[in-house]
Each structure stands twice: as C-alpha cells, then as structure tokens.
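Trainee: Here is the input, now give the coordinates:
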Amino acid sequence: MARAGAGGARRGRRRARRPRALAVPDRVTVASERRLTDAPGADLRAAWSPDGASVVFERREGGRSRLLRVGAGGGLRALGEHGDQPWPLPGGGLVFHSDRGGTDAVWRLDADGGGAVRVTPGGGTEHVNVLGRYHFELDGPVARGELRPLRDPSVPADEW
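Mentor: Presented below is the predicted three-dimensional model:
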C-alpha cells in the first residue's frame, strides 16, 4: 500500500494543480429594501430593463396574466393583457409569451405597451426563458435548418 508523503501526496503520483477560482467578497450587504408592488395577485418573473430604470413583470390575478412595468422609484403602468414571461429589450420594448388567439407564440411590444406584433409563427410551444434568451420547442419533427434564432433587429448581433 502506498504511503502518504509530505503534504498528503501519495508516492508515485503527481500532485494535481489547484484550480483557479473565482474570488468574491466575504460579505455583501444591502442597506435597505423597498417594495415596488403591492397587489392581491402574484407578481412573477420580474426582469430589470437594460438601462436599470424599470422592472417588467407578469401579474397573475383572477386566473389572468398581464404585463406591467414599474419604475425603480415607483409608478406602475399596465403594458398589456394576456401575456407572461416578459423580457425587456434595449429601447424600452419587450418580448413575451402569449397564447393569444389559441396559439403559443412570442410577441413584441413597443416601449409604451402598444404595437403588439407576433414574432414567431406559433403552433409549437415557443417561450421566452427566464434568462431572456429565446427558447423554442416544436411539436413534431423539424427539418435541418428550419429553425433560426429569433433576434430583435434593433439590437446589435454581438449583444445576443
């Protein structure tokens, strides 16, 4: 049986190099916390806007989901009915999932909440995932090259 030598290494074996690690502060403190919403329903899937000025989120209340925006200092604004999984885009618009018209699809809204446009063909189970990248799942076989990533043309390609 091999015996442990100095430093605990076994004879005849090379010592493994210590992996490089990510260093973080020992403690992170938050001086205060401020509630942005107070509603009888559930406020879910919140995401900060790219400029940090507001948060978009989904509110579920009475069996319905709707999209809202609240400024970092307050000021709640409804953006649309019947949507979930919002993700803000640079410039104030957002994308979200909805089954409007009975078909799952990803939609885009203008910064003011108007101009809803479906950006995927629907018919599958398209979703916007929580990391803000688009995720598509199709029901049934897909031909090679049939899927293309969804991209907002107003955002430079290197930011996706």
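Trainee: Mind listing what's buried along stretch 82-101?
Mentor: 83-89, 92-98 (16 or more other C-beta atoms under 10 Å). In short, each C-beta sits where N, CA and C put it, glycine included.
Trainee: Secondary structure added to those residues, as TSV?
Mentor: TSV is the format used below for the buried residues of stretch 82-101 (DSSP: H, G, I helix; E, B strand; the rest coil):
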residue	secondary structure
G83	coil
D84	strand
Q85	strand
P86	strand
W87	strand
P88	strand
L89	coil
G92	coil
G93	coil
L94	strand
V95	strand
F96	strand
H97	strand
S98	strand
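Trainee: tell me which of the residues you listed is nearest to W48?
Mentor: For the buried residues of stretch 82-101, the closest approach to W48 (C-beta to C-beta) belongs to P88, at 7.2 Å.
Trainee: beta partners of A78?
Mentor: Going by DSSP bridges, A78 is paired in beta bridges with L68.
Trainee: What is the neighbour count of it?
Mentor: Counted with other C-beta atoms under 10 Å, residues neighbouring A78 total 11.
Trainee: close enough to count as contact, it and G113?
Mentor: Yes - judged on C-beta atoms under 8 Å, A78 makes contact with G113 at a distance of 6.9 Å.
Trainee: shared neighbours, the two?
Mentor: Counting by C-beta atoms under 8 Å, 6 or more residues apart in numbering, the common neighbours of A78 and G113 are L67.
Trainee: Endpoints of stretch 98-113, how far apart?
Mentor: 14 Å (C-alpha to C-alpha, to the nearest Å).
Trainee: Okay, helices next: where are they in the protein?
Mentor: For the chain, helices defined by DSSP state H do not occur.
Trainee: need the contact list for A53.
Mentor: 71-72.
Trainee: and it, how far is that from G71?
Mentor: If you measure A53 against G71 using C-beta to C-beta, to the nearest Å, the figure is 6 Å.
Trainee: again with G83
Mentor: For G83, the distance to G71 - C-beta to C-beta - is 20 Å.
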